[in-house]
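Participant: Okay, here's the prediction I keep looking at, along with the sequence it came from:
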Amino acid sequence: MFITKKQVYNALKQVIFFAKKDNIVDLNMIDDIDIKDDEITIHIIFPKKDDPAIGIISSSAEKILKTEISEDIKVSIIPVSEADKGMGPLSGVKNIVAIIAGKGGVGKSTIAANLAVSLTKSGKKVGILDADIMGPSVPMMFGVEGQKPGVIEREGKAIMLPLENYGVKILSLGFFVQPNQALMWRGSMINKAFNQLMADSEWGELDYLVIDMPPGTGDIQLTLAQTYNVRGTILVTTPQKVATADVRRAAMMYRQDVLTIPLLGIVENMSYFTPLDMPEKKYFIFGKGATDELASELDIPVLGRIPIVEKIVETGDNGSPIALDDSSLVTKAFKEIADNVEEQVKNLRN
């Protein structure tokens, strides 16, 4: 039987990679096609090697090739990751770390912003992506509110250039929404905007891309887990049991078989209150112990605890994250968190 590569390519145009809403040929996912008599071996490039779509794509490709060419052919699909090929829009990003919470109001964005600054101060190249479409606060925290990212054209496609402040590259869904505008986006629109910030942006070489995720377990969480190679997630909670119960549900999402992403640890925010005039005192306003119980249950470390300090709010509102202030005890707490995150990432690689 004589089979041509053109036949194979034409047939594979019917195979759709639903995460990117196009066929695998036009998406340039076909790396190589080898034909020997009635045996066809196809190398297909996926965003990551354990992509949940691999099985679906492989089955669909085999079925279509047998229908279009012959039932007698033998089809072998070999998945290849973008990282293996040194390609992909995020090929220069070594570690994607997502900051997640079960509900709003626990200080997730504050943790994300100050972690990014702390990692930068330790000599790392860092970017932050604000994916919290309902509450995009990263532009304010980094003092770039009202600014717009640059745009360049590459191969006929518009590519965004992140803003930069304090050595951190910054992109946010908030750059595209007016402060007084009521947001009326469906899930598909939010996903499209998120993918553009991730994949249609010039992030360059980064040691860490910190993603400030929306609270809960919605569309963006699924898109991130299914489409991108995430190194790990960091849970953020406050000490109350109701808060840890919510973050527990968010954590379990990433421990499902099809979405397995490592949990690097948990950060307890608003851990206690210490008066300025009594630095030796700690008042556990929201209780204590629930975070440690959750960490034990999930078998992950507590990466650090951030106290209730008025200056954290002031510096965030003023566009200057508190981790920039070397004289603050809170800065030391954020440095400890950054050091622990790096240790956890290092352990994953070993």
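Facilitator: That came in fine, so what should we check first?
Participant: tell me the mean pLDDT for stretch 115-125?
Facilitator: For stretch 115-125, mean pLDDT rounds to 97.
Participant: do stretch 143-159 as well
Facilitator: On average, stretch 143-159 scores 84.
Participant: Which parts of it count as buried, going by neighbours?
Facilitator: 144, 145, 149, 159 (16 or more other CB atoms under 10 Å). For the C-beta atoms, the positions are set from N, CA and C on the backbone; glycine is no exception.
Participant: So which of these is the closest to residue 324?
Facilitator: residue 144 (14.5 Å; CB to CB).
Participant: Which positions in stretch 338-350 come out as buried?
Facilitator: Buried residues in stretch 338-350 (16+ other CB under 10 Å): 338, 340, 341, 342, 344, 345.
Participant: Tell me the gap between that stretch and the middle of its chain.
Facilitator: The chain centroid and the centroid of stretch 338-350 are separated by 17 Å under CA atoms, centre = their mean, to the nearest Å.
Participant: which other residues reach it?
Facilitator: For stretch 338-350, contacts defined as CB atoms under 8 Å, 6 or more residues apart in numbering pick out 95, 97, 115, 118-119, 122, 231-232, 234, 262, 264-265, 301, 303-304.
Participant: buried subset of the residues you listed?
Facilitator: Buried, going by 16+ other CB under 10 Å: 95, 97, 115, 118-119, 231-232, 234, 262, 264-265, 303-304, out of those.
Participant: farthest pair in those residues?
Facilitator: 118 and 262 (20.3 Å).
Participant: just the strands in the stretch 151-300 of the chain please.
Facilitator: 157-161, 163-165, 168-172, 206-212, 232-237, 263-273 (DSSP state E, counting those that start in this stretch).
Participant: Could you measure from residue 14 over to residue 26?
Facilitator: 11 Å (CB to CB, to the nearest Å).
Participant: Can you pull the residues that touch both of those two?
Facilitator: What both residue 14 and residue 26 touch, as defined by CB under 8 Å, 6+ apart, is an empty set.
Participant: Serialize the strands of the stretch 151-300 of the chain to CSV and add fields for distance to residue 33.
Facilitator: As requested, the strands of the stretch 151-300 of the chain are exported to CSV (distance: least, CB to CB, whole Å):
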stretch, distance to residue 33
strand 157-161, 26
strand 163-165, 42
strand 168-172, 36
strand 206-212, 33
strand 232-237, 35
strand 263-273, 39
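Participant: and these, which one's lowest on average pLDDT?
Facilitator: What stands lowest among the strands of the stretch 151-300 of the chain, in mean pLDDT terms, is strand 157-161, with a mean of 86.
Participant: Show the pLDDT at residue 201.
Facilitator: So, for residue 201, pLDDT stands at 90.
Participant: My guess is it contacts residue 163. True?
Facilitator: No: taking contacts as CB atoms under 8 Å, residue 201 lies outside contact range of residue 163: 10.9 Å.
Participant: what do the two both touch?
Facilitator: Common neighbours of residue 201 and residue 163 (CB under 8 Å, 6+ apart) are 149, 171.
Participant: ranges for the helices of the stretch 51-200 of the chain?
Facilitator: 54-68, 108-121, 138-141, 187-199 (DSSP state H, counting those that start in this stretch).
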